[in-house]
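Student: Predicted model and sequence follow; I will ask about them next.
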Amino acid sequence: MTTPTALDTDEARTRLHELTIIDVRTPGEYASGHLPGALNIPLDQIQRALPDIRHATDRGDLLVVCASGARSENACRILAENGITATTLSGGTGAWAADGHELHRPQGASRATWGMERQVRLTAGAIVLLGLLLGLAVHPAFQLLSAGIAGGLVFSALTNTCGMAAMLTKLPHNRPRAADLDKTLAALRNR
């Protein structure tokens, strides 16, 4: 396995015309704004897209992006394990926007949803509050819900992974429609 390499936002902007860009965020996150020319292939669909991604890298370099750079690093590792060289964008789409670079939004996009980090914060906070309230009103053992979330957040920070985000990506509003993914893979083949 190779270590993924990274481009900063200015390097990526300079090379946009020569890169195939794959955004591995959820479709809703992608619809909220993405790098110009980026195609949306969510991280959990990368395995399905491997033949088309491999074909695309025969024609040029591949840049993988996400919100902060963590998911794109995971995607680069999966690609490297399958013999595909890819580069990640340091800081992800968040750094791209913070540096003042343009974000594209699909016309007529109706699926804009909260970013994954925001969804995780809402879910974690709601479970912590629920555990505390049930612990006071029903039985003190319900406070273990809150303790479990706290432990999960510590583990997430130490390992730079997020099990809650992995579970939330399975929800229907975070899943790509089959036709959308097929259309994206066709666009990738025809580049």
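Tutor: Structure's in. What do you need?
Student: Doesn't residue 12 lie inside a strand?
Tutor: No. Under DSSP: H, G, I helix; E, B strand; the rest coil, residue 12 falls outside any strand and is assigned helix.
Student: ok, it - contacts?
Tutor: The contact partners of residue 12, by C-beta atoms under 8 Å, 6 or more residues apart in numbering, come to 19, 35, 63, 89, 96. For the C-beta atoms, the positions are set from N, CA and C on the backbone; glycine is no exception.
Student: gap between the closest residue to the fourth one other than its chain neighbours and residue 127?
Tutor: Put plainly, it is residue 89. Excluding the flanking residues, the one nearest residue 89 by C-beta to C-beta, 6 or more residues apart in numbering is residue 65, at 4.5 Å. Separation of residue 65 from residue 127 (C-beta to C-beta, to the nearest Å) stands at 30 Å.
Student: Next: residue 152.
Tutor: Residue 152 is 9 Å from residue 127, by C-beta to C-beta.
Student: quick one: the spatially most central residue of the chain from residue 37, how far?
Tutor: Nearest residue to the geometric centre of the chain (C-alpha atoms, centre = their mean): residue 25, 2.9 Å. According to C-beta to C-beta, residue 25 stands 15 Å off from residue 37.
Student: now do residue 67
Tutor: Distance from residue 67 to residue 37, by C-beta to C-beta: 18 Å.
Student: Tell me which of those two has more neighbours.
Tutor: More crowded of residue 67 and residue 37, by other C-beta atoms under 10 Å: residue 67, with 22 against 14.
Student: Is it correct that that one falls within a helix?
Tutor: No. Using three-state DSSP, the assignment for residue 67 is coil, not a helix.
Student: show me the contacts for it.
Tutor: Each residue near residue 67 by C-beta under 8 Å, 6+ apart is listed here: 25, 29, 92-94, 115-117.
Student: How about it, nearest residue that isn't a chain neighbour?
Tutor: Per C-beta to C-beta, 6+ apart, closest to residue 67 is residue 92, 5.0 Å.
Student: That neighbour: neighbour count?
Tutor: The tally of other residues near residue 92 (other C-beta under 10 Å) stands at 24.
Student: Phi first, then psi, for it.
Tutor: phi 60, psi -160 (degrees, to the nearest 10).
Student: Quick check: pLDDT value at it.
Tutor: Note for residue 92: predicted pLDDT of 94.
Student: For the protein, just list every one of the strands.
Tutor: Under the criterion DSSP state E, the chain contains strands at 5-7, 20-23, 39-40, 62-65, 87-89.
Student: now the end-to-end length of stretch 30-42.
Tutor: 9 Å (C-alpha to C-alpha, to the nearest Å).
Student: What ranges in the protein fall below the confidence cut-off?
Tutor: 1-4, 107-112 (pLDDT under 70).
Student: Isn't residue 70 up against residue 156?
Tutor: No. Assessed by C-beta atoms under 8 Å, residue 70 is found out of contact with residue 156, at 10.2 Å.
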